[in-house]
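*Asks:* Structure of the sequence below:
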Amino acid sequence: MNWKWYSDSCGGNLVGTGTSIAVSPVVTTTYFARGEGGCAVSGLCGSITITVNPIPAPVISGASTFCPGNSATLDAGTFSSYNWSTGATTQNITVSTTGTFSVTVTNAFGCTETVSTTINACQVTLNLKAYLQGFYNGGGFMQGIGPG
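*Replies:* Predicted structure coming up:
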């Protein structure tokens, strides 16, 4: 007797022969096995469904920059568990240093995915001319500084 394996339906698309087959479906798929020839009963099929669970798709939200002395809160979204590069295991973390932060999330099916984001310090620009104009009295001296 020869075993034949099908997808879609018994006798549908032939995907392999023998007592077992190796498959890698990308979506949930039902496979059918049927013995043919020899003493096999014509038309009888067994089936097995391979369920493909979704891979989580985390997105880290939150500020991508913050000014010195401040912090940023990063949120990985809603999943079953979290493992941040900082060692935290919560949905949100608050960071007060710049750098790249990553999180590995696990969904309800036990599937994992890792994503990262980079946090930069904000650029502080001081317009010295505009700042000093407020103190300049037009005579060449700073107010409160100069000849008395």
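*Asks:* Mind checking which residue lies nearest the centre of this protein?
*Replies:* Centroid-nearest residue in the chain, with CA atoms, centre = their mean: Pro58, separated by 3.3 Å.
*Asks:* Let me know the pLDDT of Thr86.
*Replies:* Predicted confidence (pLDDT) for Thr86: 97.
*Asks:* Let me know whether it touches Phe101 as I believe.
*Replies:* Yes - in this structure, Thr86 is within contact of Phe101 by CB atoms under 8 Å, at 6.7 Å. The C-beta positions use only the backbone N, C-alpha and C, and glycine is treated the same way.
*Asks:* Those two: which is more packed in?
*Replies:* Comparing Thr86 with Phe101 by other CB atoms under 10 Å, the one with more neighbours is Phe101, at 22 against 15.
*Asks:* Quick one: residues in contact with the longest strand along the chain.
*Replies:* The longest strand of the chain (DSSP state E) is strand 112-121. The contact list for strand 112-121 (CB atoms under 8 Å, 6 or more residues apart in numbering) reads 55-60, 62-68, 72, 74, 76, 85, 95, 97-106.
*Asks:* now swap in stretch 28-47 and tell me
*Replies:* Contacts for stretch 28-47 (CB under 8 Å, 6+ apart): 1-7, 9-12, 15, 21, 23, 48-52.
*Asks:* Any idea how far apart the tips of stretch 83-90 sit?
*Replies:* 8 Å (CA to CA, to the nearest Å).
*Asks:* Next, the buried residues of that stretch.
*Replies:* Asn83, Trp84, Ala88 (16 or more other CB atoms under 10 Å).
*Asks:* Mind giving me the PyMOL command for buried ones among the contacts of stretch 28-47?
*Replies:* Typed into PyMOL, the next command selects the buried ones out of these (criterion: 16+ other CB under 10 Å):
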select buried, resi 3+4+5+6+7+15
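*Asks:* Tell me which of the contacts of stretch 28-47 fall in strands.
*Replies:* Using DSSP E, the contacts of stretch 28-47 in strands are Asn2, Trp3, Lys4, Trp5, Tyr6, Ser7, Val15, Ile48, Thr49, Ile50.
*Asks:* Is it correct that the fourth one is in contact with Ala22?
*Replies:* This points to Trp5. No - contact criterion CB under 8 Å: Trp5 and Ala22 do not qualify, at 10.4 Å.
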